[in-house]
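In: predicted model and sequence follow; I will ask about them next.
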Amino acid sequence: MGRMMQGAMEDWADMLRAYGMKATPQRLAVAGRVLGRPRHVTPQGVLDELRREYPALSLNTVYQTLQRFAAHGLLRELEAGGRVWFDSRTEPHDHAICSVCHRIEDVLAAPESVPPALQGWRIESESRVWRGVCPSCRRAGG
Ligand SMILES: [Zn+2]
Ligand SMILES: [Zn+2]
């Protein structure tokens with residue numbers, strides 16, 4: 001493990017403790033995978049990435065860790081393509097999901113005005129999921 005990685009791990013350990021979470025090696029590994037850069041992950045995807053290094057890691061532990069990060073505002077939970085995703089970009093934005101390769105991408109656009117049907121509402125968040133076939137799947141004949 002490089003010096004920079006080590007430093008980041010210590011920062012995440014501090015952060016976990018600040019949120020009242022024990023800084024277990026498994027939670028640190030999950031933090032290292034999902035925080036600090038824009039990513040969309042599923043619990044199963046994180047488990048697959050970490051399984052070799054942490055054979056005892058369970059899907060439940062990954063899921064609970066991601067949910068606790070989300071509860072503290074470090075991740076945003078969203079549903080797209082029939083799956084639950086955790087997004088490390090927490091400001092409001094839309095998503096596009098490819099129905100062939102299931103890749104998920106951020107759609108960063110200027111927020112639109114609230115539809116007339118929502119007059120009188122105090123809107124807290126809004127998120128759309130665009131579905132389609134991504135350019136590389138289209139090139140592959142999808
Ligand atoms: Zn695709
Ligand atoms: Zn996103």
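Out: That came in fine, so what should we check first? Ligands and ions are numbered 1, 2, ... in the order given.

In: near ligand 1, which residues of the protein are found?
Out: Residues of the chain found near ligand 1, taking CB under 5 Å from the ion as the criterion, are 98, 100-101, 134, 137. For the C-beta atoms, the positions are set from N, CA and C on the backbone; glycine is no exception.

In: Ser99 touches Gly132, doesn't it?
Out: Yes: under the criterion of CB atoms under 8 Å, Ser99 lies in contact with Gly132, with a separation of 6.8 Å.

In: relative to the one helix or strand Glu79 maps to, what are the paired strands and their orientations?
Out: Here Glu79, judged by DSSP states H and E, is contained in strand 76-80. Within its sheet, strand 76-80 is paired with strand 83-87 (antiparallel), according to DSSP bridges.

In: does the partner strand come close to ligand 2?
Out: Yes: residues of strand 83-87 are located near ligand 2 by CB under 5 Å from the ion, namely Asp87.

In: and that strand, which residues are buried?
Out: In terms of neighbour count (16 or more other CB atoms under 10 Å), strand 83-87 has its buried residues at 85-87.

In: same check, this time on stretch 25-45
Out: For stretch 25-45, a neighbour-count test (16+ other CB under 10 Å) marks 26-31, 33-35, 39-43, 45 as buried.

In: so which of those sit within strands?
Out: Secondary structure of the buried residues of stretch 25-45 is defined by DSSP state E; positions in strands are 40-41.

In: any chance of the buried residues of strand 83-87 in a markdown table, plus pLDDT and distance to Arg122?
Out: What follows is the buried residues of strand 83-87, written out as a markdown table (pLDDT from 0 to 100; distance: CB to CB, whole Å):
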| residue | pLDDT | distance to Arg122 |
| --- | --- | --- |
| Trp85 | 94 | 26 |
| Phe86 | 96 | 26 |
| Asp87 | 95 | 23 |
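
In: which residues does Leu16 contact?
Out: Counting by CB atoms under 8 Å, 6 or more residues apart in numbering, Leu16 makes contact with 22-23, 27-28, 31.

In: list just the nearest of these to ligand 1.
Out: Each of the contacts of Leu16 was scored against ligand 1 by CB to the ion, and Ala31 proved nearest at 28.4 Å.
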